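[1] What would the 3D arrangement of this be:
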Amino acid sequence: MPLVGLTHVALERWLHQVSTMLIVRTLSDLRAACATLRTQHGGLGFVPTMGALHDGHRALVRAAVASGVPAVASIFVNPLQFNATEDLSRYPRDEAGDLAALEACGCSLVWLPDVETMYPPGEATTIALTGPAERWEGDARPGHFRGVATVCAKLFGQVRPDRAYFGEKDWQQLQVVTRMVADLLLPLEIVGIETVREPDGLALSSRNRFLSPEGRASAPVLNRVLRDTALSLASGAPTEPALNAARGRLTEAGFAVDYFALVDGPTLAPIDCPDPTARLIATARLGTVRLLDNVPAQ
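    As a prediction, this is how the structure comes out:
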């Protein structure tokens, strides 16, 4: 149910009487709702999203609910994450469907800010990044992680959660946000949740809806090649020939490979042989759709 301008006393009475999900669109209502939920339950879990929710997002919300404190989600299509070559207007939006999905998962509160709230006129601060934000998506999408880190820092400051939940599908993003929280001494824990997949192995993504029927049939090859390469490396195969073979298989399957690499999991630095933290990461295009995936290398 929408929440508009309730006083703190009225909000507390509301939360005692009903269990329906609250929807807030102003900072004052968000702060009042979060303060009341935190007082009543001792903490908050948080799932930041850009909407267009799928089962991967639902898994994050369910993990937050399962932690035993109220789950807060945000829906905000962040313009700072899109560079000049990306179409912000093309990003899918379905507010009504997203809200229904969140409520069905047990979400307690949804934050729906507008652009002016998140980026008020005259603001002069963004977050500059190195470390895990370098290479890979950092090279392919200049400025993307600056946008991710800046909006996450703002959302964390607004909601003040104890934990925030991110999917492992976007592995580099997860490491960037984890590093930012550690470096800025922000008082929350970042929790990574295993990638949710279709039965054929395709990682769930809002981008999948743009695949042609032919592209959808080919898309699971990306995960199969990642898993096969991980097995090959675990059996002792030399790294660079195994990576080259994987790139070749993807090209033969119709992918345009942006990168296919073995990296240190926390730092995203390229490495020569797998270790317990290593990940195989890949991004490849099918037509106009850019697919990301990763798997543990051991």
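
[2] residue ranges for the helices of the stretch 101-250 of the chain, please.
    Ranges of helices within the stretch 101-250 of the chain are 115-118, 137-140, 144-159, 171-183, 213-218, 221-234, 239-252, based on DSSP state H, counting those that start in this stretch.

[3] Out of those helices, which is closest to residue 34?
    Proximity to residue 34 (CB to CB) singles out helix 144-159 among the helices of the stretch 101-250 of the chain, at 5.8 Å. Backbone N, C-alpha and C define where each C-beta goes, glycine included.

[4] Counting by contacts, list what the closest one packs against.
    helix 27-41, strand 45-49, strand 71-75, strand 109-111, helix 137-140, helix 171-183 (3 or more CB pairs under 8 Å, 6 or more residues apart in numbering; DSSP states H and E).

[5] which stretches of the stretch 1-150 of the chain have low pLDDT?
    Counting by pLDDT under 70, the stretch 1-150 of the chain has low-confidence residues at 1-19.

[6] Kindly state the domain boundaries assigned to the protein.
    Here the chain is described, according to automatic domain parsing, as comprising the domains 2-193, 206-296.

[7] Just tell me which of these ends up closest to residue 199.
    Across the domains of the chain, closest to residue 199 is domain 206-296 (CB to CB), at 9.3 Å.

[8] end-to-end on the closest one?
    Length of domain 206-296, first residue to last, CA to CA, to the nearest Å: 23 Å.

[9] any idea of the mean pLDDT in it?
    Averaging pLDDT along domain 206-296 yields 97.

[10] possible to save the helices and strands packed on helix 144-159 as JSON lines with distance to residue 129 and mean neighbour count?
    Formatted as JSON lines, those follow (distance: least, CB to CB, whole Å; neighbours: other CB atoms under 10 Å):
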{"stretch": "helix 27-41", "distance to residue 129": "26", "mean neighbour count": "18"}
{"stretch": "strand 45-49", "distance to residue 129": "17", "mean neighbour count": "26"}
{"stretch": "strand 71-75", "distance to residue 129": "21", "mean neighbour count": "27"}
{"stretch": "strand 109-111", "distance to residue 129": "24", "mean neighbour count": "25"}
{"stretch": "helix 137-140", "distance to residue 129": "8", "mean neighbour count": "17"}
{"stretch": "helix 171-183", "distance to residue 129": "6", "mean neighbour count": "21"}
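
[11] and residue 186, what does it touch?
    The neighbours of residue 186, taking CB atoms under 8 Å, 6 or more residues apart in numbering as the test, are 153, 156, 180.

[12] just curious, which of those is nearest to residue 253?
    residue 180 (35.6 Å).

[13] Tell me how far the closest one lies from residue 127.
    7 Å (CB to CB, to the nearest Å).

[14] same question, residue 202
    32 Å.

[15] Could you do residue 178 as well?
    Distance from residue 178 to residue 127, by CB to CB: 14 Å.

[16] And for residue 90?
    26 Å.

[17] Compare these two (neighbour count), which wins?
    residue 127 (19 against 9; other CB atoms under 10 Å).

[18] I'd assumed residue 146 was in contact with that one.
    Yes: Residue 127 lies in contact with residue 146 (CB atoms under 8 Å); the separation is 6.3 Å.

[19] In contact with residue 41, which residues?
    69-70.

[20] among the helices of the stretch 101-250 of the chain, which is nearest residue 32?
    helix 144-159 (12.2 Å).

[21] Just want the angle from the closest one to helix 27-41.
    Relative orientation of helix 144-159 and helix 27-41, computed by axes from the mean of the first three to the mean of the last three CA atoms, to 10 degrees: 70 degrees.

[22] What lies in contact with helix 144-159?
    Under the criterion CB under 8 Å, 6+ apart, residues 27, 30-31, 34, 44, 46, 48, 72, 74, 76, 78-83, 111, 113, 118, 125-129, 133, 137-138, 164, 172-173, 176-177, 180-181, 184, 186, 188 lie in contact with helix 144-159.
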